[in-house]
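Colleague: Mind folding the following:
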Amino acid sequence: MSFLKDYQAYAVHSNSSLKPLFKIHLYCMLIFRISHFFYRIKLIPLSKIFWFINRIFFSIDIDPGARLRGGVVILHGTGIVIGRYVIAKGDFKIYQGATLGGNNEKEAMYEGELIRQPVLLENCTIGINCAVLGPIVLGKNVAVGANAVVTRDVPDSAIVVGSNQVLKK
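Modeller: Numbering: from 1, shown residues only. Next comes the predicted model:
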């Protein structure tokens, strides 16, 4: 089901329902979904094989433990890193060189759940070469600008530029 939402997210950006089949990063998401499936059923070695395929063929490191809902769009994906404990509660776009990950084993509580890495709500855009680090929450409709470093929560409908500089839309 999640892969179908990924496909639909790519189709939104196309003028044809077949055009997403020619988007190479859609296949990266398919491989991640397979890897995540094996991770969930505790076949870790098999999940790591699919993770490794993504690393070799696409230069994209999405840990099999990441909980990404459907609707992920990777644009120019080389160098993307998404950590094991990242949670995406909605669709998002991510550009090349972006990192979503931890920050020195820090932890926080969000909706009764312990988080170690970023939680992305709906319709986030993660810009080129940015770093979103630590147990933080990116609100709905957040845009993280190129080369930004985000280490604090970001409210809904905000733009982040530079180092934790939040601008309201």
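Colleague: residue ranges with poor pLDDT in this protein?
Modeller: Along the chain, segments meeting pLDDT under 70 span 1, 15-16, 169.
Colleague: quick one: buried residues of stretch 51-62?
Modeller: By neighbour count on 16 or more other C-beta atoms under 10 Å, the buried set for stretch 51-62 is 51, 54, 58, 60, 61, 62. The way it works is simple: take the backbone N, C-alpha and C, and place the C-beta from them, glycine included.
Colleague: distance between that stretch and the chain's centre?
Modeller: 14 Å (C-alpha atoms, centre = their mean, to the nearest Å).
Colleague: Likewise for stretch 75-83?
Modeller: Stretch 75-83 sits 8 Å away from the centroid of its parent chain (C-alpha atoms, centre = their mean).
Colleague: Excluding its own residues, what touches that stretch? List them.
Modeller: For stretch 75-83, the external contacting residues (C-beta atoms under 8 Å, 6 or more residues apart in numbering) are 25, 28, 58-63, 66, 68, 74, 93-102, 117, 129.
Colleague: redo that, cut-off 6 Å
Modeller: By C-beta atoms under 6 Å, 6 or more residues apart in numbering, the residues outside stretch 75-83 that reach it are 25, 59-63, 66, 94-102, 117.
Colleague: Kindly format the C-alpha coordinates of that stretch as CSV.
Modeller: Taking C-alpha atoms only, stretch 75-83 is exported to CSV below (Å, rounded to 0.1, in the frame of the first residue of the first chain):
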residue,chain,number,x,y,z
LEU,A,75,14.5,14.3,-6.2
HIS,A,76,18.1,13.9,-7.4
GLY,A,77,18.7,11.4,-4.6
THR,A,78,22.4,11.0,-4.5
GLY,A,79,23.8,11.2,-0.9
ILE,A,80,20.5,11.1,1.0
VAL,A,81,20.7,9.5,4.5
ILE,A,82,17.6,8.6,6.5
GLY,A,83,18.3,7.1,9.9
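Colleague: Go through it and flag the buried ones.
Modeller: So stretch 75-83, judged by 16+ other C-beta under 10 Å, has buried residues 75, 77, 80, 82, 83.
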